[in-house]
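Visitor: Next one to model:
(chains A and B)
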Amino acid sequence: MGYAIRTEGLTKKFGGRAAVDQLALDVPEGSIYAFLGPNGSGKTTTIKLMMNILFPTAGRAEVLGVPSAKIGPEQFRQIGYVSENQKIPGWMTVPQLIGFCKPMYPTWDDGFCNRLLEQFDLPNDVKLKSMSRGMKVKAMLLSSLAYRPKLLVLDEPFSGLDPLVRDELIRGILELTESEGWTVFISSHDIDEVERLADWVGFIDKGKLAVSESKETLQARFRQIELALPADAHVPQELPKEWLVPQRAGHAFRFVESQYGNGSSERFNAVFPGIADADEQSLPLREIYLALARHFKGANR
Amino acid sequence: MLPFKVTFTPGLSVHEQVLFAAKKAIVCGQLKPGDAFPSVRVLSQELRINPNTAQKVSARLRDEGLIEMQPGLGSVVAKSAHVLSSHKKELLGRDLEHLVVEAKKLKLTEQELLDALRQHWKNLS
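Guide: Numbers count the residues shown, from 1 in each chain, chains lettered A, B, ... in the order given. Next up is the predicted model:
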């Protein structure tokens, strides 16, 4: 399998502080990769490094097989990039924006463009600067989708948008995937929005990558385990390192097993011999993320 | 619009949930032999799910003989889609497991659970 994006030891320091710290992630071709993390965790900086807007302090990034420092117009013809703080030509209307972008992209697809125009329900006679944020994002996404880029990079596309606009954007993004050779990389702090969309997930926290793997294996290896402790139960100080955020409230004991199926029952039996019925629940992406974030917070203390 | 409904529960596999809903529609006769089955693209678009997931769902349904490709028509519910009682049982499998787990938590005996089931069966028939 090829990779649309690969980074290795990617690091960016601002005044000695690492905003992106030794990042190693691979984005497989043909995947929708959700790059998740809290505000200020380094998502935007990472994307700017990939897009050759910032230059790394150390390490490297490769995008569509080209080192990020060499990404130029030729690569940008195959990359769609929509970011939260993008400068937009506010004086243009949507038809003017289309007329402006189209000559730059040999792969521009008029039919696709018209379909998106209709789907996004964008006005023809309003200047971008007078549009709502949702309209602006739709216009920018349209101008980045219509040439069917091989790689679509979206930096926080959904933030501050109402559910209807979010839904329209998701449909638009999915439209891209019907052509051959596509990859989508979306950064977001809104996990629920991308749960169904993504098949690869990366979690970044304070510039460090906590997880980067397929959503399927990630969800398969996390379980919330809850049990009722017998009256005389003893909970050891040292718990298996695979158990995240252990908590006790009265007789209830709860933790997140991070390597479920991989020796998890042996671990459980070693700590709680003789306890047979524990409740095991699979976790939504959001809960996995929270467990990891709390775990790292605790570990840094 | 899709000819079947999926209500997603976060945390459960998206692929399994869609597969379950599609099978249920076929087994219950909501989708009949010869009916068009949505393409990967339509599944992905309508459910807002990853196209790779939609692809997996279609492949599984084809492998199990529930849908088939018809040239020029796309996927249709298989004419020979024998709805086996094994399919029906499979659809209840998860609920049954859940029921047994809950009954065990409540420390019910097998007989007590069966009696309770029978009572409910009677109430509804």
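Visitor: what about chain B, any weak spots by pLDDT?
Guide: Applying pLDDT under 70 to chain B picks out residues B:80-85.
Visitor: At the contact with chain A, which residues of it appear?
Guide: With CB under 8 Å from any CB of the partner chain as the criterion, chain B meets chain A at residues B:8, B:10-15, B:41, B:44-45, B:47-53, B:104-105. The C-beta positions use only the backbone N, C-alpha and C, and glycine is treated the same way.
Visitor: Just the buried residues of those residues.
Guide: Listed as buried from the residues of chain B next to chain A are B:11, B:13-15, B:44-45, B:47-53; burial here means 16 or more other CB atoms under 10 Å in any protein chain shown.
Visitor: Take the residues of chain B next to chain A and keep only those in strands.
Guide: Using DSSP state E, no member of the residues of chain B next to chain A sits in strands.
Visitor: Okay, and which of the residues you listed map to helices?
Guide: With helices identified by DSSP state H, the entries of the residues of chain B next to chain A that belong to them are B:14-15, B:41, B:44-45, B:47, B:51-53, B:104-105.
Visitor: that older thread, tell me which two of the buried ones among the residues of chain B next to chain A sit farthest apart.
Guide: Of all pairs drawn from these, the greatest distance, 23.5 Å, lies between B:11 and B:45 (CB to CB).
Visitor: List the contacts of the residue of the stretch 201-301 of chain A found nearest chain B.
Guide: Of all residues in the stretch 201-301 of chain A, residue A:284 sits closest to chain B, with a separation of 3.5 Å (CB to the nearest CB). Neighbouring residues of residue A:284 by CB atoms under 8 Å, 6 or more residues apart in numbering or on different chains: A:192, A:195, B:10-11.
Visitor: Closest one to residue B:90 out of these, please.
Guide: The nearest member of these to residue B:90, counting by CB to CB, is residue B:11 at 21.0 Å.
Visitor: Now the closest one. Nearest residue, chain neighbours left out?
Guide: Closest residue to residue B:11 apart from its sequence neighbours, by CB to CB, 6 or more residues apart in numbering or on different chains: residue A:284 at 4.0 Å.
Visitor: Any idea how far apart the tips of stretch A:181-199 sit?
Guide: Distances were taken as CA to CA, to the nearest Å; on that basis the terminal residues of stretch A:181-199 are 16 Å apart.
Visitor: Quick one: list the elements packing against the top helix by length along chain A.
Guide: Taking residue count as the measure and DSSP H as the definition, the longest helix of chain A comes out as helix A:285-300. Identification of packing neighbours for helix A:285-300 by 3 or more CB pairs under 8 Å, 6 or more residues apart in numbering or on different chains; DSSP states H and E yields helix A:191-194, strand A:200-205, strand A:208-214, helix A:215-221, strand A:243-249, strand A:252-257.
Visitor: unless I'm mixing things up, residue A:194 is touching residue A:188, no?
Guide: Yes. Under the criterion of CB atoms under 8 Å, residue A:194 makes contact with residue A:188 at 5.5 Å.
Visitor: about what we covered before: quick one: the residue of the stretch 201-301 of chain A closest to chain B from residue B:10, how far?
Guide: With the distance defined as CB to CB, to the nearest Å, residue A:284 ends up 4 Å from residue B:10.
Visitor: Nearest the middle, which residue of chain B would you pick?
Guide: The residue at the geometric middle of chain B, judged as the C-alpha nearest the mean C-alpha position with CA atoms, centre = their mean, is residue B:20 (2.5 Å).
Visitor: What sits closest to it if chain neighbours are left out?
Guide: Counting by CB to CB, 6+ apart, the nearest residue to residue B:20 once its immediate chain neighbours are dropped is residue B:91, at 7.0 Å.
Visitor: Looks like that neighbour contacts residue B:22 (just checking).
Guide: No. Taking CB under 8 Å as the definition, residue B:91 is not a contact partner of residue B:22, at 10.9 Å.
Visitor: which of the two has more neighbours?
Guide: Taking other CB atoms under 10 Å in any protein chain shown, residue B:91 and residue B:22 do not tie; residue B:22 has more neighbours (26 against 14).
Visitor: Confirm that residue A:6 sits in a strand.
Guide: Yes. Assessed with DSSP: H, G, I helix; E, B strand; the rest coil, residue A:6 lies in a strand.
Visitor: what about residue A:77, how many neighbours?
Guide: 15.
Visitor: Retrieve the pLDDT associated with it.
Guide: You'll see residue A:77 listed with a pLDDT of 94.
Visitor: That one contacts residue A:108, doesn't it?
Guide: No. Contact between residue A:77 and residue A:108 fails when scored by CB under 8 Å: they sit 9.7 Å apart.
Visitor: Now do the shared contacts for those two.
Guide: When CB under 8 Å, 6+ apart defines a contact, the residues bordering residue A:77 and residue A:108 alike are residue A:147.
Visitor: Using the three-state scheme, assign the residue nearest to the centre of chain B.
Guide: Judged by three-state DSSP, the three-state class of residue B:20 is helix.
Visitor: Contacts (any at all) between chain B and stretch A:115-126?
Guide: No. If you take CB under 8 Å from any CB as the test, stretch A:115-126 misses chain B, and the best it gets is 10.2 Å.
Visitor: quick one: what helix or strand has the most far-flung residue of chain A relative to its centre in it?
Guide: Of all residues in chain A, the one whose C-alpha sits farthest from the chain's mean C-alpha position, using CA atoms, centre = their mean, is residue A:232 at 44.8 Å. Using DSSP states H and E, residue A:232 maps to neither a helix nor a strand.
Visitor: tell me the contacts of it?
Guide: Shown here is residue A:232, which makes no contacts under the criterion CB under 8 Å, 6+ apart.
Visitor: With residue A:71 instead?
Guide: Residues in contact with residue A:71, defined by CB under 8 Å, 6+ apart, are A:51-52, A:63, A:79.
Visitor: hmm, 7 Å instead?
Guide: Taking CB atoms under 7 Å, 6 or more residues apart in numbering or on different chains as the definition of contact, the neighbours of residue A:71 are A:51-52, A:63.
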